[in-house]
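> here's a sequence, model it:
(one chain, ligands or ions: 2)
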Amino acid sequence: MIWTHAVIVFLCLCPIYAAFGQDCPSRQDMQSSLKQVQKLLSTHEAAYLQSLRTLRKKLTLLQNTATKQTGKANNDTCLKLDTPANSRKLGKAQTPGHEVHFLCDAGYELVGAESRMCQESLTWSGQQPTCRNINECASSPCLNGGTCVDEVNQFSCTCTKGWAGATCQSPVPTFFVTMTNTSSATPSAAAAISPPAVTVGPFVRPSRCTQVQDTTHCTCDPGYTISGRDSTTCTDIDECELFHMGQAGRLCLHACVNTPGGYRCTCPAGYNVTRDGRNCKDIDECATRQNNCTRDQMCINTYGGFQCVRVDCPRIRNATYSKTSPLRCERNPCSVDNRVCSQAPNSISHHFLSVVSNLSAPRTMFRVSALRLMGDTLRFSLLGRGQARRHFTVQRSDRQTGQLVLGSPVLGPATLEAEVEMTELEKGVQLGRYITKITMFISQYEF
Ligand SMILES: [Ca+2]
Ligand SMILES: [Ca+2]
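Ligands and ions are numbered 1, 2, ... in the order given. As a prediction, the model looks like this:
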C-alpha cells in the first residue's frame, strides 16, 4: 500500500516538468507547485509510518499468541486408551513420546497395532487393536474326515466312523480293517507308484500307493496307519497307548509292549501270558517241580510264586503229639491223673491259602466243622491278638460249623495267620479242644 502511494507520486511529477518546457510558467507558479508536492510527500510519509507501526503491533500480537499455544501443549496428554477385551495393556504414561503395549490372553491373537505412541499432536499412533480367538481349526488338524470344533486355546475333533485319536489319526480297535485298495477294482486304470524316499524303520514304513486315473490311493499293512502330509508314510499304531482301556476292559491285564505292526502283553515273573494274549496265569511251581523245597517241606503254590512250609507238631510239657497227616497233629492219650494234658488241644490242623491281593471283602475264607458231636455245646473263637484280630472274625454259620471271615481287603504281598479254636462241652465241662491254624499268602498283583 505504502509503495503504491509513492509510485503514484513520482508519476505525477513528470507531467509537471514536461509542462514547464512547453509553457515556461512563472517563478511564483513553480514555487507554489513545489510546495504542493512537498505537502503531498509529507502526508504520504506520515501515512507510511503509521502503517509500519500498525504492522509491528500486529506482529507482536501474533508472536505472543503463538508462544502461549506452545506452552499449553507441553502440559497436555493423549486421551486414555481402552484395554481391548481378552487382553492386557502395558504402560500407563499418556504424555508425548511414551508408548503403551497390548498383550492378548492365551488362545487369542492380536489384530492391529501391538504398540501405540502418544505423539506431539496429542494423538496416538496406529489403530486400536483387538484380540480375536485363534481358530485352531484353521490348519485343518482333524484327519480322515474328522470335524474340527474350535475352542478357546484348543480344538477337538469329532471323528468319522472307524477313526479315533486326538486328531482322528488312528483306526478304531479293529485295526485289521482292510484299507481300500482300488487298484484291484480297476486293474486296467491302476498303475503302481514307487514310494518316495522317507525315513523308514520298524515303526515307520513307506506306504504303497497306486494311481487310479487322477487320484492317488495309498495303503498300509495291518497295524499301521497312513501318516505324512501326502500319505506317503505308514506309521505303526501304538495299541498300548490308544486302546489302553477299551470297552472290554484293559487291553493287557499287566503290561503292554508296542511292537511294529502289533503289540503284545507281558506278565510279571511267576506268571505266564494266557492263550488269549491278554491275561496272566500263575505258574504252578509245585506241580512243575520249579521249586526248591526240601523233602521235609511242603510246597504251597501261591499267585506269582510258591512257599516251602514245614509243619511241626507242638512240643509242650505234659502232652505229646503225633503227626497223623502232613498237615495235622493229634495229641497222644493222656494218663488219667494228668489234668494239664487233658486240657491241651486234642488236635492242631494247618491250612495254607493262596489268595490274590485286594480280594473283595467281607468274605468267608475258611470253615471249621465238627464231624461228630460228643457233648451238648460247640464254641468257636479266634485265638491271638493284633494282626489276626484286625483282619478276621469268627462267626457261627450253623450248629456245627464256625467260619473265618476276612473283614476288609488286604493289599499284598502279605502273609496273614489266624487260629480258630473249636471247643466241645458237655454240661459246661470241656470235652475237647481243636485248633485250626490258617495261613494266607496274599499275592502282589490282583490276578
Ligand atoms: Ca503297534
Ligand atoms: Ca505260583
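
> beta-bridge partners for residue 164, please?
Going by DSSP bridges, residue 164 is paired in beta bridges with residue 170.

> where's it relative to residue 32, distance?
124 Å (C-beta to C-beta, to the nearest Å). Quick note: C-beta positions are derived from backbone N, CA and C, even for glycine.

> equivalent analysis for residue 300, please.
The gap separating residue 300 from residue 32 is 162 Å, by C-beta to C-beta.

> out of those two, which sits in the busier spot?
residue 300 (19 against 11; other C-beta atoms under 10 Å).

> what about the more buried one, distance to residue 221?
48 Å.

> got the domain ranges for the protein?
Per automatic domain parsing, the domain ranges recorded for the chain read 140-194+202-242, 245-282, 311-442.

> end to end, how far does the first one reach?
Looking back up the chat, that one is domain 140-194+202-242. 22 Å (C-alpha to C-alpha, to the nearest Å).

> now the shortest one
Across its full length, domain 245-282 reaches 23 Å end to end, with C-alpha to C-alpha as the criterion.

> so how far is stretch 382-400 off the chain centroid?
Mean-position distance between stretch 382-400 and its chain equals 48 Å (C-alpha atoms, centre = their mean, to the nearest Å).

> CA atoms only: put that stretch into CSV for me.
The C-alpha trace of stretch 382-400 is given here as CSV (Å, rounded to 0.1, in the frame of the first residue of the first chain):
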residue,chain,number,x,y,z
LEU,A,382,-10.4,-116.6,67.3
LEU,A,383,-7.2,-117.0,69.1
GLY,A,384,-4.4,-114.5,69.3
ARG,A,385,-4.4,-110.7,69.1
GLY,A,386,-3.1,-107.9,66.9
GLN,A,387,-2.9,-108.8,63.2
ALA,A,388,-5.4,-111.6,63.3
ARG,A,389,-8.0,-109.5,65.2
ARG,A,390,-7.5,-106.6,62.8
HIS,A,391,-8.4,-108.6,59.7
PHE,A,392,-10.6,-111.6,60.8
THR,A,393,-13.6,-112.5,62.8
VAL,A,394,-15.1,-115.9,63.6
GLN,A,395,-18.8,-116.4,63.1
ARG,A,396,-21.0,-119.5,63.5
SER,A,397,-22.8,-120.5,60.3
ASP,A,398,-24.7,-123.4,61.8
ARG,A,399,-24.8,-125.5,64.9
GLN,A,400,-21.7,-127.5,64.0
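
> what's in contact with stretch 298-310?
The set of residues external to stretch 298-310 that reach it, using C-beta atoms under 8 Å, 6 or more residues apart in numbering, is 268-271, 282, 284-287, 290-294, 296-297, 311, 326-327, 350, 352, 354-356, 413, 439, 441, 443-445, 447.

> quick one: average pLDDT of that stretch?
Averaged over stretch 298-310, pLDDT sits at 96.

> could you do stretch 372-390 as well?
88.

> centre of the chain to it, how far?
55 Å.

> next: stretch 86-105.
Taking C-alpha atoms, centre = their mean, one finds stretch 86-105 lying 33 Å from the centre of the chain it belongs to.

> export only the CA atoms of that stretch, formatted as PDB.
What follows is stretch 86-105, C-alpha atoms only, in PDB (Å, rounded to 0.1, in the frame of the first residue of the first chain):
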ATOM      1  CA  ASN A  86      -9.300 -60.600  26.400                       C
ATOM      2  CA  SER A  87      -6.100 -58.500  26.600                       C
ATOM      3  CA  ARG A  88      -3.700 -56.700  28.900                       C
ATOM      4  CA  LYS A  89      -2.400 -53.200  28.400                       C
ATOM      5  CA  LEU A  90       1.200 -52.500  29.400                       C
ATOM      6  CA  GLY A  91       2.300 -48.900  30.200                       C
ATOM      7  CA  LYS A  92       0.300 -46.100  31.700                       C
ATOM      8  CA  ALA A  93       2.100 -42.900  30.600                       C
ATOM      9  CA  GLN A  94       0.000 -40.700  28.200                       C
ATOM     10  CA  THR A  95       2.500 -37.900  27.600                       C
ATOM     11  CA  PRO A  96       4.000 -37.400  24.100                       C
ATOM     12  CA  GLY A  97       6.800 -39.800  23.300                       C
ATOM     13  CA  HIS A  98       5.600 -42.600  25.600                       C
ATOM     14  CA  GLU A  99       4.200 -46.000  24.300                       C
ATOM     15  CA  VAL A 100       1.600 -48.400  25.600                       C
ATOM     16  CA  HIS A 101       1.700 -52.100  24.500                       C
ATOM     17  CA  PHE A 102      -1.100 -54.700  24.200                       C
ATOM     18  CA  LEU A 103      -0.900 -58.400  25.000                       C
ATOM     19  CA  CYS A 104      -3.700 -60.800  24.200                       C
ATOM     20  CA  ASP A 105      -4.700 -63.600  26.600                       C
END
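
> which positions in that stretch come out as buried?
Under the neighbour-count criterion of 16 or more other C-beta atoms under 10 Å, stretch 86-105 has 87, 94, 96, 100, 102, 104 buried.

> from the residues you listed, which two are the most distant?
96 and 104 (26.6 Å; C-beta to C-beta).

> point out where the stretch 1-150 of the chain drops to low pLDDT.
1-25, 66-75 (pLDDT under 70).

> in a helix, residue 61, correct?
Yes. Judged by DSSP: H, G, I helix; E, B strand; the rest coil, residue 61 forms part of a helix.

> burial count for it?
With other C-beta under 10 Å as criterion, residue 61 counts 10.

> repeat that for residue 365.
Number of residues near residue 365 (other C-beta under 10 Å) recorded here: 20.

> near ligand 2 at all, the helix or strand hosting residue 430?
Secondary-structure element containing residue 430, defined by DSSP states H and E: strand 429-442. No. Applying C-beta under 5 Å from the ion, one finds strand 429-442 separated from ligand 2 by no less than 9.7 Å.

> same for that strand, what does it pack against?
strand 347-355, strand 363-369, strand 414-426 (3 or more C-beta pairs under 8 Å, 6 or more residues apart in numbering; DSSP states H and E).

> partner strands of the longest one, with direction?
What that stands for is strand 414-426. strand 377-383 (antiparallel), strand 429-442 (antiparallel).

> out of those, which is the most enclosed?
strand 429-442 (a mean of 18; mean count of other C-beta atoms under 10 Å).

> distance from the chain centre to that one, please.
With C-alpha atoms, centre = their mean, you get 54 Å for strand 429-442.

> tilt between it and strand 363-369?
150 degrees (axes from the mean of the first three to the mean of the last three C-alpha atoms, to 10 degrees).

> and strand 429-442, C-alpha only, in PDB?
Backbone C-alpha positions of strand 429-442 (Å, rounded to 0.1, in the frame of the first residue of the first chain) are rendered in PDB as follows:
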ATOM      1  CA  VAL A 429     -17.400-129.300  81.200                       C
ATOM      2  CA  GLN A 430     -14.700-129.200  78.400                       C
ATOM      3  CA  LEU A 431     -14.600-132.500  76.400                       C
ATOM      4  CA  GLY A 432     -12.100-131.400  73.800                       C
ATOM      5  CA  ARG A 433     -10.300-128.500  72.100                       C
ATOM      6  CA  TYR A 434      -9.400-128.500  68.400                       C
ATOM      7  CA  ILE A 435      -7.200-125.800  66.800                       C
ATOM      8  CA  THR A 436      -7.100-124.900  63.200                       C
ATOM      9  CA  LYS A 437      -4.100-122.700  62.000                       C
ATOM     10  CA  ILE A 438      -4.800-120.900  58.800                       C
ATOM     11  CA  THR A 439      -2.000-119.100  56.900                       C
ATOM     12  CA  MET A 440      -3.000-116.800  54.000                       C
ATOM     13  CA  PHE A 441      -0.400-116.000  51.300                       C
ATOM     14  CA  ILE A 442      -1.600-112.800  49.600                       C
END
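
> much appreciated, bye for now.
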